[in-house]
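> what would the 3D arrangement of this be:
(one chain, ligands or ions: 1)
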Amino acid sequence: MNVPHFMLKEIHQQPDVIRHQLDRTISIGIPDRINILACGTSLNAGLIGQFLFEQIAQIPTQVRSSSESLSAPLLETPNTITIAITQSGETADTIAALQQVQSKRVAITNGIDSTITRFADHTIYTNAGEEKSVAATKTFTSQIVLFYKLAFQIAHENQKLSDREFASHLESLKQIPQQMEKLLNENTIVELAQTLKETRDLIILGSGINTAIALEGALKLKEATYTHAEGYAAGEFLHGPIALLDAEIPTLAIVTEDDSRIQKTIDRIRAHGNHVIEITAKSVPELFSPFLAVVALQLLAYHLATLRGIDVDRPRNIAKSLTT
Ligand code: AGP
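Numbers count the residues shown, from 1 in each chain. As a prediction, the model looks like this:
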């Protein structure tokens with residue numbers, strides 16, 4: 001594909017990144033607790049992992065920023081599995097955080113033979129291919145598809161998912177690349193970027209599993225477009241942050257097929273005369289909607305950045321990974 005920037009190329013590679021993961025069977029056993037350590041976009045992927053491990057596999061799961069875990073380590077039981085997730089495998093805080101763990105250590109990384117693999121008992125590669133743009137896109141998708149597969153596998157092994165449910169979830173996952181391709185071929189996000197060209201502050205709301213996508217979308221918009229974007233859980237937004245809104249601050253809301261929770265917040269924001277733009281991910285079951293919602297927000301970040309003349313593959317002040 002002939003595209004002007006690595007970020008756009010990597011966004012468009014995501015359907016294939018998922019396809020390559022579909023036939024893998026990945027098993028880490030059945031722990032009584034899962035801890036996840038990561039930074040930045042990988043941390044947001046970790047939040048998706050937490051949702052899936054708890055809600056689907058029913059394993060208590062904690063996520064902590066690697067840097068925070070150095071001063072406040074997560075609690076471990078003898079049968080805990082700690083997952084360190086890092087696309088580069090070279091993030092200093094995540095390497096240091098994994099080194100202080102006593103329980104079984106699993107590294108999830110895109111970095112073949114990267115440093116993190118030396119400190120893990122077991123490494124699972126995300127196989128997304130090299131990601132050159134500083135803003136992580138396809139590696140995020142490759143991380144979350146692994147979390148879906150791991151959570152379904154654990155849930156099946158510990159009988160929280162029947163054979164039929166397990167097969168049906170895997171089938172739903174198989175539909176995602178095609179749905180993603182449809183979204184990638186639409187022009188609506190370019191139009192949305194044009195309407196937001198002068199916007200300096202933005203709120204992104206999600207609910208349930210998409211709260212993590214609201215955070216990830218806000219991170220993409222901050223780093224690629226220098227917009228002050230903040231992600232919130234929709235219900236929580238009503239408890240104070242809604243006071244931020246005025247005519248200058250639009251809200252993007254991730255709306256899924258059966259998400260009445262977010263509608264309540266949207267209605268309240270509109271009742272105060274403020275502007276809500278709905279990012280709809282209704283063509284797939286809500287559980288799988290993060291794949292579409294995140295692509296919409298990645299595209300928005302990309303198009304807004306290029307409209308603003310930002311060097312989108314190399315934004316100011318940041319490097320691809322923080323190795324010190
Ligand atoms: C992602 O777009 C960022 N560039 C950044 O937050 C990154 O995810 C973070 O530094 C962690 O990197 P890692 O996944 O290589 O550990």
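
> any idea of the pLDDT on whichever residue of the stretch 151-300 of the chain sits closest to the ligand?
Among all residues of the stretch 151-300 of the chain, residue 223 sits closest to the ligand, at 5.7 Å; criterion: CB to the nearest ligand atom. For the C-beta atoms, the positions are set from N, CA and C on the backbone; glycine is no exception. With respect to pLDDT, residue 223 has a value of 97.

> the stretch 1-150 of the chain against the ligand: which residues are in contact?
When proximity is defined as CB under 6 Å from any ligand atom, the stretch 1-150 of the chain approaches the ligand at 39, 40, 41, 42, 86, 87, 88, 91, 94, 134, 135, 136.

> what's the neighbour count on the second one?
Other residues lying near residue 40 total 22 when counted by other CB atoms under 10 Å.

> secondary structure element for residue 47?
helix 40-55 (DSSP states H and E).

> C-alpha coordinates for that helix, CSV please?
As requested, the backbone C-alpha atoms of helix 40-55 are provided in CSV (Å, rounded to 0.1, in the frame of the first residue of the first chain):
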residue,chain,number,x,y,z
GLY,A,40,1.5,3.9,27.8
THR,A,41,-0.5,2.2,25.0
SER,A,42,0.6,-1.2,26.3
LEU,A,43,-1.0,-0.2,29.7
ASN,A,44,-4.2,0.6,27.9
ALA,A,45,-4.1,-2.9,26.2
GLY,A,46,-3.5,-4.3,29.7
LEU,A,47,-6.8,-2.7,30.8
ILE,A,48,-8.6,-4.6,28.0
GLY,A,49,-6.8,-7.7,29.3
GLN,A,50,-8.0,-7.1,32.8
PHE,A,51,-11.6,-6.7,31.6
LEU,A,52,-11.5,-9.9,29.7
PHE,A,53,-9.7,-12.0,32.3
GLU,A,54,-12.1,-10.9,35.0
GLN,A,55,-15.4,-10.8,33.0
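
> hmm, who's touching the helix or strand just after that helix?
Where DSSP H and E defines the elements, the next helix or strand beyond helix 40-55 is strand 61-65. Strand 61-65 has contacts (CB atoms under 8 Å, 6 or more residues apart in numbering) with 33-39, 43, 46-47, 49-50, 53-54, 72, 74-75, 93, 97.

> thank you kindly, that will do.
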